[in-house]
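Engineer: Everything below, folded, please.
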Amino acid sequence: MIDFTENDVAQLEKKGISKEKVARYIETFKEGIPFVSLMKAAVVDEGITKVTEGEGKELISFFEDNSKDRKLLKFVPASGAASRMFKAMFSFTEAYNPNTESLSNYIKRTGDTAVEQFFEGRQNFPFYDEVLQRIEGKHSNDGELAHAFINEMLSEEGLNYGFYPKGLLPFHECKRGSATPFKEHLKEAALYAKTNGRANLHFTISPQHEAMFKEEEAISVPRISQKTDTEFHVSYSFQKTSTDTIAVNTDNTPFRNSDGSLLFRPGGHGALIENLDEQDADVIFIKNIDNVVVDKNLEAVANSKKMLAGLLLKVQSKAFEYAAALEMEEIHPQVLMDITHFLEKDLNVRFPDEYDALSLEEQLAMVRDKINRPIRICGMVKNEGEPGGGPFWISDALGNVSLQIIESAQVQMDDKEQASLFKNSTHFNPVDIICGVRNHKGEKYNLLNYVDEKQGFITGKTQEGRELKALELPGLWNGAMAFWNTIFVEVPLVTFNPVKTVNDLLKPSHQV
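Structural biologist: Take a look at the predicted model:
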């Protein structure tokens, strides 16, 4: 047991973290987190559904016909800072001196292709004209121009993009200057997350960026509202300090700062399951802040979202019908067989080998448990080599088989067979998720009950020059949704346009 000091207790109370939770975290460090066991990659017709053009149109119509009286919400994780986008540019401003070396020699010497690509494509960035006006007269050659341009873009005295949240950077050119991801998400919401003229959006943001988001909201909402005839309701939340996790020394004792206080670290995006759990909606669309498109692709993206949401409503209506039937006093064996078949075929549920040998009451209990769960429909794009998670069939320590989104960090990569399974998967998860979070009675599920705590991550870090171990909570669309009913659907590549580095804005999908 940990000996908490009075100061520790006060620190825990302030953060809203119980002693028991800290003890569980310490136990997790001691036990370690096992790698997942990949059985096989999910592929089309074996874990991934491929919708034909005709089926897609039917699902879109089904969604449009059946969503009018439902509350829709667009949930956007948006706390990411832009600093990572500009990592290569920050390094350039520190490493390059235009007074002692030409730009071409620097690129040849260092092999800095990121800066080369940035400089050659600079006129295609939506902020090009603004930066150029601000540095007028401050350059006489390419080296001075590149250094002045990037420094003006990033520095606190300049545009300060390095400090911005990613959601408020200019991503696309438009008639009136440039469009931020925040603005692009409003446009999207008007197309597929609107009922009765109203669209609800919720952004999870960092507290230090709240004023900036509200300023952007005040500018963008009236414009997009008028343009799309939509009444927008925008809300925000922060990652809770109560989801921070304790750090430990290499011997699994609590890590203490030089002032004696316990060190807690943010729990990662998996902490946002608590923010998601607090939302009041029938259908929730989840999409990352940096995955947006220019206007010419908006319709294709909206149709894909409506197709996925139509599938959710269709499957959900059947699940609700069966869940209600399971509450009857007497259930015909054929009805139980029908429900079991539906769970296996439509919701990808896998029953244990001993299911057939169970008594009727035990079978009913298991089927009730399986059908009364939140449902997620996850869009999957063909694997184009992007880093991130993919769709797999996995087996847990108890032998339970399920369909999951798995990240490379969860896989034992020094096991050749497991590494090969992961690397050769055909599809990729673009964080394109439609959630049904209510049961057949209209009651909201407690989403925290469906988290697999064993799908977190333990990583090595340093603090004040000392080694420590940090714990990241199960990812929002990984372990945090592990016990949901899951359907994977292939979606068009046009729906996946993430901006991980500033040079991604030069890709055709982000050019007007």
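Engineer: Please work out how many residues are found near the residue nearest to G260 when sequence neighbours are not counted.
Structural biologist: Distances taken as C-beta to C-beta, 6 or more residues apart in numbering put N7 closest to G260, at 6.8 Å, once the chain neighbours are dropped. C-beta here means a position set from N, CA and C on the backbone, and glycine is covered the same way. As a burial measure, N7 scores 12 neighbours (other C-beta atoms under 10 Å).
Engineer: Check V411 too.
Structural biologist: Applying other C-beta under 10 Å, we find 20 other residues in the vicinity of V411.
Engineer: what are the phi and psi angles of it?
Structural biologist: The phi/psi pair for V411 (degrees, to the nearest 10) reads phi -110, psi 140.
Engineer: Partner strands of whichever strand or helix holds I405 and their direction?
Structural biologist: Following DSSP states H and E, one finds I405 within strand 401-406. Strand 401-406 has its sheet partners listed here by DSSP bridges as strand 390-395 (antiparallel).
Engineer: can you give me the helices in the stretch 201-350 of the chain?
Structural biologist: Here the stretch 201-350 of the chain has its helices, by DSSP state H, counting those that start in this stretch, at 210-228, 273-277, 298-325, 333-346.
Engineer: Show residues contacting the shortest one.
Structural biologist: Helix 273-277 is touched from outside by 75, 202, 204, 237, 239-240, 242-243, 284, 286, 435, 446-448, 451, 476, 480-481, with contacts defined as C-beta atoms under 8 Å, 6 or more residues apart in numbering.
Engineer: would you put the C-alpha positions of stretch 58-68 in PDB?
Structural biologist: Taking C-alpha atoms only, stretch 58-68 is exported to PDB below (Å, rounded to 0.1, in the frame of the first residue of the first chain):
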ATOM      1  CA  GLU A  58     -30.400   3.100 -49.800                       C
ATOM      2  CA  LEU A  59     -28.600   3.700 -46.500                       C
ATOM      3  CA  ILE A  60     -28.300   7.400 -47.200                       C
ATOM      4  CA  SER A  61     -32.000   7.500 -47.800                       C
ATOM      5  CA  PHE A  62     -32.700   5.500 -44.600                       C
ATOM      6  CA  PHE A  63     -30.600   7.900 -42.600                       C
ATOM      7  CA  GLU A  64     -32.300  11.000 -44.000                       C
ATOM      8  CA  ASP A  65     -35.800   9.400 -43.400                       C
ATOM      9  CA  ASN A  66     -35.000   8.200 -39.900                       C
ATOM     10  CA  SER A  67     -32.900  11.000 -38.400                       C
ATOM     11  CA  LYS A  68     -35.400  13.800 -38.400                       C
END
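Engineer: quick check: mean pLDDT across that stretch?
Structural biologist: The average pLDDT within stretch 58-68 is 97.
Engineer: one step back: before we move on, what SS does the residue nearest to G260 have?
Structural biologist: Secondary structure, DSSP: H, G, I helix; E, B strand; the rest coil: N7 is helix.
Engineer: The one 5 residues further on too?
Structural biologist: L12 falls in the helix class when you classify it by three-state DSSP.
Engineer: Enumerate every residue touching it.
Structural biologist: Applying C-beta under 8 Å, 6+ apart, the residues contacting L12 are F4, S18, K19, V22, L262.
Engineer: which one in these is the model shakiest on?
Structural biologist: The pLDDT minimum for those sits at F4, where the score is 88.
Engineer: What residues does that one make contact with?
Structural biologist: Neighbouring residues of F4 by C-beta under 8 Å, 6+ apart: L12, K19.
Engineer: Now with 7 Å, please.
Structural biologist: By C-beta atoms under 7 Å, 6 or more residues apart in numbering, F4 lies in contact with K19.
Engineer: same deal with G268?
Structural biologist: E472, L473, G475.
Engineer: In JSON lines: those, plus secondary structure and pLDDT.
Structural biologist: Formatted as JSON lines, the contacts of G268 follow (DSSP: H, G, I helix; E, B strand; the rest coil; pLDDT from 0 to 100):
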{"residue": "E472", "secondary structure": "strand", "pLDDT": "93"}
{"residue": "L473", "secondary structure": "coil", "pLDDT": "94"}
{"residue": "G475", "secondary structure": "coil", "pLDDT": "91"}
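Engineer: how about a markdown table for these, with distance to K423 and neighbour count added?
Structural biologist: Formatted as a markdown table, those follow (distance: C-beta to C-beta, whole Å; neighbours: other C-beta atoms under 10 Å):
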| residue | distance to K423 | neighbour count |
| --- | --- | --- |
| E472 | 23 | 19 |
| L473 | 26 | 26 |
| G475 | 19 | 25 |
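Engineer: now, among those residues, which is nearest to E46?
Structural biologist: Among these, G475 lies closest to E46 (C-beta to C-beta), at 23.6 Å.
Engineer: Spatially nearest residue to that closest one (excluding sequence neighbours)?
Structural biologist: Nearest non-adjacent residue to G475, counting by C-beta to C-beta, 6+ apart: G270, 4.8 Å away.
Engineer: Does that neighbour touch A480 like I think?
Structural biologist: Yes: G270 is in contact with A480 according to C-beta atoms under 7 Å; the separation is 4.7 Å.
Engineer: ok, back up a step: please identify which pair of the contacts of L12 lies farthest apart.
Structural biologist: S18 and L262 (13.4 Å).
Engineer: picking up where we left off before, would you put the C-alpha positions of the strand holding I405 in PDB?
Structural biologist: The C-alpha coordinates for strand 401-406 follow below in PDB (Å, rounded to 0.1, in the frame of the first residue of the first chain):
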ATOM      1  CA  VAL A 401     -12.500 -13.200 -29.900                       C
ATOM      2  CA  SER A 402     -13.500  -9.600 -31.000                       C
ATOM      3  CA  LEU A 403     -13.100  -7.000 -33.800                       C
ATOM      4  CA  GLN A 404     -10.800  -4.200 -32.700                       C
ATOM      5  CA  ILE A 405      -8.800  -1.200 -33.900                       C
ATOM      6  CA  ILE A 406      -5.200  -1.900 -33.000                       C
END
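Engineer: ok, and what's touching the helix or strand just after that strand?
Structural biologist: As assigned by DSSP H and E, the chain's next helix or strand after strand 401-406 is helix 416-423. Outside helix 416-423, the residues that touch it by C-beta under 7 Å, 6+ apart are L38, K40, A41, S408, V411, Q412, M413.
Engineer: And these, which is closest to L506?
Structural biologist: Checking the contacts of helix 416-423 against L506 by C-beta to C-beta gives S408 as the nearest, at 26.4 Å.
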